[in-house]
Every structure is written in structure tokens, then in C-alpha cells.
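Novice: Provided below are the primary sequence and the corresponding predicted coordinates.
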Amino acid sequence: MAKGSQLSQLKTALSKAGVTGRPEQGKKRKRSGSVDKDKEKRATKLEEIHKRLNPFDTKVTKLKHDVGGRKVKGVSGRPAQSKQAGLEQRKKTLLKEFHEKGRAGGIVDRRFGENDPSMSLEERMLERFTKERQRASKGVAFNLEDEDELTHYGQSLSKLDDFDNVGLGLDDDEEDTGKIDADVVKHTHFGGFDDEDEDDSEEPARKKSKAEVMAEVMAKSKEHKLRRQMEREQEDNVRHELDQDFEALRALIYAPDPSSTGSNSIPLGTTTAASAQPAVLTLPTAPEDYDQHVRELAFEKRAKPKDRTKTEEELAQEEKEALEKAERRRRKRMLGLEESDSEDEGKSRGKRKRGGDDLEDDFVDEDEWDGLGAGLKGAAEIDEEDEGSVSDEEEESGAEEGEEESDDEGEESDDSENEAEEGEHEALISAKKSSTLKSAKGKAKDLPFTFPCPSTHDEFLAIVDNVSDDDVPIVIKRIRALYHTSLGADNKFKLQTLATILIDHVLYITSPPEPRFSLVSSILPHIDALTQAYPVRAAEHFVEKVTLMHKNLKRGLARGALDQEAKTWPGLPELSLLRIIGSTWSTSDLNHAVISPTRVLFGAYLGLGRVRSLSDIASGLFLCTLFLQFEDLSKRLVPEAINFLINTVLHLAPHHYKTVASLPGFFPSPDFRSDLCRPLALNTKVRSKVAPQKPNLAALLQLDEPTEQAKVDMISLALTLHGKYADMYKSLDGFIELYEPILEILKDVDNANLPKALQTQLTGLIDTLGRLLKFSRQARQPLRLQAHKPIPIPTYIPKFETTTSNYLRRQDPDHERNEASKLRNQYKQERKGAIRELRKDAKFLAGVEQEKQKEKDRAYNSSMKRVFGSLEGERAEEKAMEREKSKEKRRAGRK
């Protein structure tokens, strides 16, 4: 290649190739080829010159080891050409996809009648064929086929024969009109030349024309119209018959009431004379008009709407007024005065009292009182409706407190004595127990209708002093009605105080020696209602009582856990309060303002209290029952309850254990075989004389000496609670470790010295615990490491390659492993290529977006330039005009 600049090299190459320069003179050119071949040769020469002059158009990869005669792919390449080819390919494919990115396409089924379920398949095909023929013939100016019929004066020419009644005859009366027979036209004209038999037998059915189809549609429409007309006429006939028979129906509809008298006994639409039926000859009257009966029905008295639903405040106000009015009447009756007071007389003067003729569906005599003041019987019925279901449930709970759970201590009767002597134990309620308790057996006195709202428990006791137990809920209900929240600003605080007073009253009436659990069950619905209405104040009062019980427990433990006078176990009032707490508040919460301290108090009683008598065991068993109810939903583990139950079995049931060390498991048993607990063991000599029964709580807490019946009852209750706790804790991980020692102790109980009923119960409990432990062992799996891929141990042994050749790098003796290695390598290369292509596509699309944005900016700038140019031109013209005006003014001033 000649030296010099790029331009000189280009000129030299072009001249040598013969592309430029003049042809030689004097010699004739040989026309050996055509002009196209010359153009191709010229383009080829220019391509070669371009390649020689552009050294950067070819990229060469230097080989490390060049072997002669070997062709290696990818040594030389042309990046510019490949890039341009890629751009062209992307313009053909990717750019089209980019432009059609937001385009939504689809196929819409527009076939005639496809979505019309009322059309049959034949009708659809016929309509489609008609539409197709119409589209085929569209645009044809002279189409004389059947689809576009010719008409004459509204009549189709296809239905008319040639020269038939078209006004072309010489004479209308002439019979022979010169028409040709239809058979001749069919067989001899252009429609003939076929055998008649073949036409009749083998000719397919002719397709209907548009006129025939429209004729069928019109015929069907007329048929439907005629059918609807006939149905309408039939309905009119039926209605006319009903109008004719209305006279007979009217006598039945408007028959008089047998109990009515006077004008009410005459049916509607009849006259008085007609009802009297005089014995004179009357002329036949014209039939009564139907419209007259309709007008009579229009003037008939219509039903009146009922009273609207009243709000809670209005109902409370009415109830309060009714109670006050009933109380005034009661006082007048008590004093022997007339019942009608001046207020009622003043109200009754302006309005006539309704009589018998004014009776309606909602008539109620005002003199009759059927509300809260109807006496003890009526009040009891109303109280039943409000408290029926709850009282039944609470009676059962009271029975549990008084019978089934007979697990409580009877030392609460000495609270007042200890408080007076020592001053250490603080009672839950300061009111003194009256010596004579009122009962419902006596003759009930006239109960007042209004009561003052008490502010202390003593005032409440003064109110219910002469009231029987059955009437106390009525008194509470009337107090709540008289002091409803909506009736006064201070009633809210009064009802909050009433809630605390009722809690104190429950403690009062459950104190020995005569606890009244039935009254507790009837008061409990009111406590629940007031607690839901005012939860904060009620919770504070409950927490105060629980805190006082905890302090009393600490004082008793400080005095001595084994001291008979120490109050280390809850009495009957305390147990009743704890039972009410469990039924009033939610016991499944993790943290609760009332339940959490109560649960802690339960654990303190069961874990710190020492067994000294049967009353202590009864109280502890009742606490275990309450714990079971508390943890029924949450199923939290209570080790104090499990420990107390197994110790109860060891204290009461006969067994062969002599010392604490011989006991299986790790249960603490501080009172095992102690001096106070030895007399509590069951006497095996009287086992045939006793049978387990439902324990009586009040009786057990007041026992002076332990009885065999009480021991048997408590053993039965302890075994029952063991089964319930085992069923609740069977899903725990530590169930096996918890109940294996319990099962061993139960198996070591001397079953032969127990009553038969207890023997059966103990055997069933042992079988149940055995099955539960078996299932727990089967479900338990040992701890294992986390399931994951094993981590290989690192090795430092060097890896030796048998071959050092580079091209034998992936040659593995194992064929499958070699193929897998090749596949992985191929996947790796393809993945790299795909990533590279995706990047190029993204770059291309970014360039397209940039060009689009540039075009928008260019158009915007050009438009803005035009706008600014026009504005500048206008401004220049405006300034020129201003200059001209100023010049004119100056000229005028000079003149």
C-alpha cells in the first residue's frame, strides 16, 4: 500500500482499481458484460478498498500457540458489521414488539345468533347464509338474484306470473289473458330439461330465499300476537266471572262478628233495612255496582302503625315513672286512702276514658298494672326471664361450692373472734352477721316499689332487713331501674358503688353458720351486668379483696403454718368470691388485672399452706377445681395443683409407703405421715359401710371431727381431678416425666381396702393414665440435628492431573460425568450469551426511548421558537408603531 495520508491512499487505490479516471483513448471498449455486472464489480472493488483502508474494522485475536494448518473459530472478527447486523435485526423484531407493547388484540365472535339461546341451529345457519350472500352481492349494481327482489307497487315480482294482473291487458274482463302454464315454464323453459321423477325424488331441498324467510318471520309474529290476544280475552272472561260471583264472596268476607252488637253487626255494603228483612213485598232491586263496593272499601278504617321502638333512656324513664306511680298507690292503699290521686284526676279530666267500643288490638287498661309492681308473683316471673339461664348455671356452681367441691376449710367462722382477740387477721367485710337470718319461708310483706340507692353495705342491709331471699333480686332490679345512668348525672357513680356493695353482700351471705348459695345465684346476674357496665371500678374492688386475702395468708404463715388458729387456707366467703371472679372475668388471658393476681393467690395457697385437717384438704381441692376451670382454655401447667392432688391421695388412701424418701418422683410432701395427718387416713374396717357421694362444702368446712364418709368423698374427688388434669396436660412435652410417678403411686394404693366404687374408679384412672403415657411415648421422638446437607470435611491433599494438555481438560473417563460437565459448560456459555443479548436489547430500547424523547424535545423547541419568533415580531412591530407615534407627537409639538 502506498504511503501518505488516508486521502492519498484512497485516491491511489481507486485509480489502480479503475474505478476513477478516464478510460483509455483510441481503444474500443469491449461490451463483454451488461451494465448490472459492471455495477456489481464496481461495488466489490469499493468494498475491498474500504476493508484495506480501515484497519479497525477487523478484530484479530492473537493465539498463544499457533499450529500450522489448523483453523480456529473466532480468531478474526468484524465488530462493526456484527453490530450493524444486530441493530438491523432488532429493528425488524424487537422494535416492532416495542411499538405494539400497549396494543390489546383479540378475537370477537360476531357470528350471527351465536350467543342467542333462543335460536336453533337451523335458524342460525339460515341467517348466516343470508348475511353471507348479502355481503357477496354488496356493491354489485345489477344483481337480479333472489336476494334483492324487485317489487312493483309493493308486491314482489317473483310471486307474480308474467303479465298477470299488472294492468297490461287490453280488457280487464277478458278471461284469456295469454299467460303460459306454470308447468310449461318449469319443464320447457330454462328451468326444465330434467326428468320429473328425478326432480321429485332426488332433488335436494331448495334453500329459502330472503322473501320466504321474512314471510315466515311475519307469520310467526302474527301467530304470537294472536295467541297473546286470545290469552288476554281469556283473562278478561275469568275476571268478568269473578265480578259476577263477587256478591257471594262479599257476604263471606264482610260477615259480622258474632260477638258484636248494634251497628257493628251489619255487614259492610248492606243497609239497615235490608238486615231487618221486613215482611212486606219489595220490588227487585237493580244489581249492586262493583264500583260502589270499591268506594266502600276505600272509606273503611285502615290499620294504624304501632308505636316506634323506644330508646334505652326512654324505657328507663318509663320504668322509673311506673315504679314511682306504683309506690304512691301502694302507700295510699296502706294508709286507706283513695287510689286515684289528684294528678291522675287532673290528667283524666281533659280526655275521655276509653270504653268497650274503643277496643283495638293494642288496648291495655291503664288501671291494671302488669309490670314490676304486680306483686311478688309477677316480679318473680319477670326476674325469671332476666336471670333464668344464669341462675341455673350459678345454682350448679353454688352446689359445687356447697356439695361437689367440698374441699374448703371451716375455720372462717372464727374470723371475727380472731380479729377481736389478735387484731392480725383482717376480715373481707366489716358488717356483722345478724343473729337471726331472714328466710323466704315466712309470709311475704308488701314490697315497696322505690328504694334509695345505698352508698354502703350497712345501708343495703337496712334496705333488705325485712325482705325475704326471693325478693332481694327484685329489690336490686328496682334500684337499678330507678337509678339508671340516663336518668341522672350522679347515677353512674351510684351504680358503681352498688356493684361493690353486691360483692360485699355475697361475702356476707356466704359466711357461716348458714350460707345462702341460692341467693348468691340470684344476685350474680346483677353483678355480671354491673361489672360489664363499669369494669374498672369492679376490677379495683375485686383486686382489693384479693390483695387483702394475700395479706391474711402472709399473716397466717408468719404466725405458723401448722398452727390451728392460723388462717392459711381460704374459708367459705373467700372461696365464693374466687368462684365469682372466675365466672365474671376472662381466665384465658396471659396478663389480666384481676385473674393474674388471683392465679398467684391460688398458687400461694396450694404451695405454702400445710395440711392440718380435713377442712384444709376440702379447701385445697376446691382451689384445684377452680384452677382446672381457669386453665381449661389456656392449658397452662399448674404444678401446685398436681402436687396437692397426689398428696391428698397419700394422706387419705391406704398405701405401703412409710417415709418421704420411699416416694417415687420429686413431689414435695412436707406433711407426709405427720402427727396432724395420720388421723386423716381412711379406716379400712368400715370400707363396706360407706360409698362415695357428692361432697357438701359447707358441711366439710364445719366438721369438728373427721368422718369416714368425708374421707371417701374427698378421695373420689381427688381421683376425678387427677383424670381431668391428665386429659388437659396430655399434649405437654413433659407429660411422661410428670405422670409416671403419679401412676406408680396410684398402683401402690391398697385397692383391696377401698370401697367397691372407689376400686372401680381407681382402676379406670390407672388404665387411662397408662394409655395416655403409652401414646406420649409413641409420639415422642429423640432430639436430632437439623436436617441439612452434610458439610464436607476440608482436605488439603493436592489434586494431581493425569493429563497436561489443554484440549484434554474436560476429558473424563466416566462418560456420564463427562457429558454432564459438557452440558454444564454449554449452559454456562449460553447463559452468558443470553445475558449479553439482553443487555444489548436493553441498550437498544434505551436508545429508542432517547430518540423518541429527543424528537419530542426537538418538536417542543421548534414550536417554542416559532412562538417566541412571532412574539418578537409582534413586539418589534409594536415598538415601531410606538416610535412612529412618538415622532408624530414631537412633530406636532414643534408645529
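Specialist: Received the coordinates, thanks.

Novice: what helices or strands is the helix or strand containing Asn647 leaning on?
Specialist: Of the helices and strands defined by DSSP states H and E, Asn647 is found in helix 639-652. Secondary-structure packing of helix 639-652 (3 or more Cβ pairs under 8 Å, 6 or more residues apart in numbering; DSSP states H and E): helix 595-608, helix 614-630, helix 708-728, helix 735-747. Where you see a C-beta, it was placed from the backbone N, CA and C, and this is true even at glycine.

Novice: give the buried residues for the last one.
Specialist: Within helix 735-747, the residues that qualify as buried are 735, 738-740, 742-743, 745-746, counting by 16 or more other Cβ atoms under 10 Å.

Novice: ok, so of those, who is nearest Val690?
Specialist: Closest to Val690 out of the buried residues of helix 735-747 is Leu746 (20.3 Å), distances taken as Cβ to Cβ.

Novice: leaving out chain neighbours, which residue sits closest to the closest one?
Specialist: Ile766 (5.5 Å; Cβ to Cβ, 6 or more residues apart in numbering).

Novice: out of the buried residues of helix 735-747, which is nearest to Arg875?
Specialist: Nearest to Arg875, judged by Cβ to Cβ, of the buried residues of helix 735-747 is Phe735 at 97.9 Å.

Novice: quick one: list the elements packing against the helix or strand harbouring Ile580.
Specialist: Remark: Ile580 resides in helix 572-584, with elements defined by DSSP H and E. Secondary structure elements in contact with helix 572-584, counted by 3+ Cβ pairs under 8 Å, 6+ apart, are helix 376-399, helix 491-509, helix 517-533, helix 535-559, helix 595-608, helix 614-630, helix 697-701.

Novice: could those be laid out in CSV, adding mean neighbour count?
Specialist: Output for those, formatted as CSV (neighbours: other Cβ atoms under 10 Å):
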stretch, mean neighbour count
helix 376-399, 16
helix 491-509, 21
helix 517-533, 20
helix 535-559, 17
helix 595-608, 18
helix 614-630, 25
helix 697-701, 24
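
Novice: just put these in CSV and tack on distance to Tyr860 and mean pLDDT.
Specialist: Below are the helices and strands packed on helix 572-584 laid out as CSV (distance: least, Cβ to Cβ, whole Å; pLDDT from 0 to 100):
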stretch, distance to Tyr860, mean pLDDT
helix 376-399, 80, 39
helix 491-509, 72, 90
helix 517-533, 71, 90
helix 535-559, 69, 91
helix 595-608, 72, 92
helix 614-630, 77, 91
helix 697-701, 95, 80
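
Novice: same list (these) but as a markdown table, adding distance to Gly582.
Specialist: Shown next, in a markdown table, are these (distance: least, Cβ to Cβ, whole Å):
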| stretch | distance to Gly582 |
| --- | --- |
| helix 376-399 | 9 |
| helix 491-509 | 14 |
| helix 517-533 | 12 |
| helix 535-559 | 11 |
| helix 595-608 | 8 |
| helix 614-630 | 6 |
| helix 697-701 | 15 |
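
Novice: closest one to Phe868 among the ones you listed?
Specialist: Short answer: helix 535-559, nearest of those by Cβ to Cβ, at 75.4 Å.

Novice: any idea how far Thr760 is from Asp767?
Specialist: According to Cβ to Cβ, to the nearest Å, Thr760 and Asp767 sit 11 Å apart.

Novice: so how far is Ile715 from Pro755?
Specialist: From Pro755 to Ile715 the distance is 9 Å (Cβ to Cβ).

Novice: re the thing from before, in the helix holding Asn647, which residues are buried?
Specialist: 640-652.

Novice: what's the closest of those to Lys320?
Specialist: Distances from Lys320 to the buried residues of helix 639-652, taken by Cβ to Cβ, are shortest for Ala641, at 48.3 Å.

Novice: ok, the closest one - contacts?
Specialist: By Cβ atoms under 8 Å, 6 or more residues apart in numbering, Ala641 lies in contact with 606, 623-624, 627-628, 721, 725.

Novice: still on that earlier bit, from Ala681, how far out is the residue nearest to Leu746?
Specialist: Counting by Cβ to Cβ, the gap from Ile766 to Ala681 is 20 Å.

Novice: check Ile463 too.
Specialist: 50 Å.

Novice: repeat for Leu530
Specialist: 47 Å.

Novice: over to Ile527?
Specialist: 41 Å.

Novice: cool, and Glu816?
Specialist: 81 Å.

Novice: of the two, which one has the most company?
Specialist: Ala681 (16 against 8; other Cβ atoms under 10 Å).

Novice: picking up where we left off before, so which helix or strand takes in the residue nearest to Leu746?
Specialist: For Ile766, the element it lies in under DSSP H and E is helix 756-779.

Novice: now that helix: how far from the chain's centre is it?
Specialist: Centroid displacement of helix 756-779 relative to its chain, using Cα atoms, centre = their mean, to the nearest Å, is 42 Å.

Novice: which parts of it are buried?
Specialist: In helix 756-779, counting by 16+ other Cβ under 10 Å, buried: 758, 761-762, 765-766, 768-769, 772-773, 776.

Novice: pLDDT on it, on average?
Specialist: Mean pLDDT, helix 756-779: 92.

Novice: how about the CA coordinates for it, as CSV?
Specialist: The C-alpha coordinates for helix 756-779 follow below in CSV (Å, rounded to 0.1, in the frame of the first residue of the first chain):
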residue,chain,number,x,y,z
LYS,A,756,-66.0,-51.0,95.7
ALA,A,757,-67.0,-47.8,93.9
LEU,A,758,-63.5,-46.3,94.7
GLN,A,759,-61.9,-49.5,93.5
THR,A,760,-63.6,-49.2,90.1
GLN,A,761,-62.8,-45.5,89.9
LEU,A,762,-59.1,-46.1,90.8
THR,A,763,-58.8,-49.0,88.3
GLY,A,764,-60.3,-46.8,85.5
LEU,A,765,-57.9,-44.0,86.3
ILE,A,766,-54.8,-46.3,86.2
ASP,A,767,-55.9,-47.6,82.8
THR,A,768,-56.5,-44.1,81.5
LEU,A,769,-53.1,-42.8,82.7
GLY,A,770,-51.4,-46.0,81.2
ARG,A,771,-52.9,-45.4,77.8
LEU,A,772,-52.0,-41.7,77.8
LEU,A,773,-48.4,-42.4,78.8
LYS,A,774,-48.2,-45.1,76.1
PHE,A,775,-49.4,-42.6,73.5
SER,A,776,-47.0,-40.0,74.7
ARG,A,777,-44.0,-42.4,74.5
GLN,A,778,-45.1,-43.3,70.9
ALA,A,779,-45.4,-39.7,69.9
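
Novice: and for it, what's in contact with it?
Specialist: Contacts for helix 756-779 (Cβ under 8 Å, 6+ apart): 691-692, 712, 715-716, 719-720, 722-723, 726-727, 730, 735-736, 739-740, 742-743, 746-747, 749, 751-752, 754.

Novice: kind regards, and thank you for your time.
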